[in-house]
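Trainee: this one's sequence-less:
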């Protein structure tokens, strides 16, 4: 598949014990999130980039924050954080080292 053929890319969330969090790749992913106006304080979940080149959209999960900036608790999920699905335009492509092509 060529770069121009790609329509869906997944940035997989690393497992808790993955050394990703201590390496330079972590900084590259952090920079990528910020370049696309995605908050750094998001749940550890896969992120999907979909659409044709030049018109791609990032789909991710975000915490729902209260007026005071704190993460709200989901009353229907045993006190787990409340989250919501969000989308944003893909201004910068993700680092190649963390992407997987979706079929």
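Mentor: It's in. Fair warning: this is a prediction, and the values are worked out from it, not measured in the lab.

Trainee: wait, residue 13 sits on residue 44?
Mentor: Yes. Between residue 13 and residue 44 there is a contact under CB atoms under 8 Å: 4.6 Å. (Glycine included, C-beta is placed from N, CA and C.)

Trainee: so the two - more neighbours on which side?
Mentor: Just comparing residue 13 and residue 44: by other CB atoms under 10 Å the higher neighbour count belongs to residue 13, 16 against 10.

Trainee: how far away is the more buried one from residue 63?
Mentor: To residue 63, residue 13 is 14 Å away according to CB to CB, to the nearest Å.

Trainee: can you check residue 71 too?
Mentor: Separation of residue 71 from residue 63 (CB to CB): 4 Å.

Trainee: overlap of the contact sets of these two?
Mentor: Residues within reach of residue 71 and of residue 63 at once, by CB atoms under 8 Å, 6 or more residues apart in numbering, are 81, 82.

Trainee: can you report how many residues neighbour residue 29?
Mentor: Residues near residue 29, counting by other CB under 10 Å, number 20.
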